[in-house]
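**Q** Pasting a predicted model and its sequence here:
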Amino acid sequence: MAKKQTIKTKATKKSAVNKQIPSGRVYVTATFNNTLITLTDEKGNTLGWGSSGASGFKGTRKATPFAAITAMEKLANKAKSVGMSAVEVYIKGPGSGRDAAIRALKSAGLNITLIADVTPTPHNGARAKKKRRV
């Protein structure tokens, strides 16, 4: 019988590099049920994300402005740890966390250079459903 040979390989550990990113973008999607926030650099590479649900809120409390503030504060701390000082904010959706998220971002000490509403609005595209008769 042949003997089994085991080859030992040395595992290499990736070193954590502290990137210094001076400016980036924050995408806020405010739905009726939740508020989703994504932090990216200038090119659009995701650096971090957060949501009302990830902040510990459940059910209808996820849709509140307070939950959006809590989620944005956590993400603002992440942005500061990366060295970010200025952000562009892109808001999408009709939810109640829209304005609260911007206020929380401003109070966290980040400089807001742009606020853009990118909510998709139809230009009378798809045909509407027939009207309900009761």
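**A** Now that the structure is in, tell me what you want to look at. Numbers count the residues shown, from 1 in each chain.
**Q** in the lengthiest helix in the chain, what counts as buried?
**A** Counting residues, the longest helix found in the chain (DSSP state H) is helix 65-82. Going by neighbour count (16 or more other Cβ atoms under 10 Å), the buried part of helix 65-82 is 65, 67-76, 79, 82. (C-beta placed from N, C-alpha, C; glycine too.)
**Q** Please apply the same query to stretch 91-98.
**A** Of the residues in stretch 91-98, 91-93, 95-98 count as buried by neighbour count, 16+ other Cβ under 10 Å.
**Q** All the helices of this protein, in order from the start?
**A** 65-82, 97-107.
**Q** From the chain's centroid, how far away is the longest one?
**A** Think helix 65-82. 9 Å (Cα atoms, centre = their mean, to the nearest Å).
**Q** Report all helices and strands that it contacts.
**A** Packing partners of helix 65-82 (3 or more Cβ pairs under 8 Å, 6 or more residues apart in numbering; DSSP states H and E): strand 23-30, strand 35-40, strand 46-51, helix 97-107.
**Q** Can you lay out these as JSON lines showing mean pLDDT and distance to A86?
**A** Shown next, in JSON lines, are the helices and strands packed on helix 65-82 (pLDDT from 0 to 100; distance: least, Cβ to Cβ, whole Å):
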{"stretch": "strand 23-30", "mean pLDDT": "95", "distance to A86": "4"}
{"stretch": "strand 35-40", "mean pLDDT": "95", "distance to A86": "13"}
{"stretch": "strand 46-51", "mean pLDDT": "94", "distance to A86": "14"}
{"stretch": "helix 97-107", "mean pLDDT": "93", "distance to A86": "11"}
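**Q** So, low pLDDT: which residues of the protein?
**A** 1-3, 8, 11-18 (pLDDT under 70).
**Q** Leaving out chain neighbours, which residue sits closest to P65?
**A** A100 (3.5 Å; Cβ to Cβ, 6 or more residues apart in numbering).
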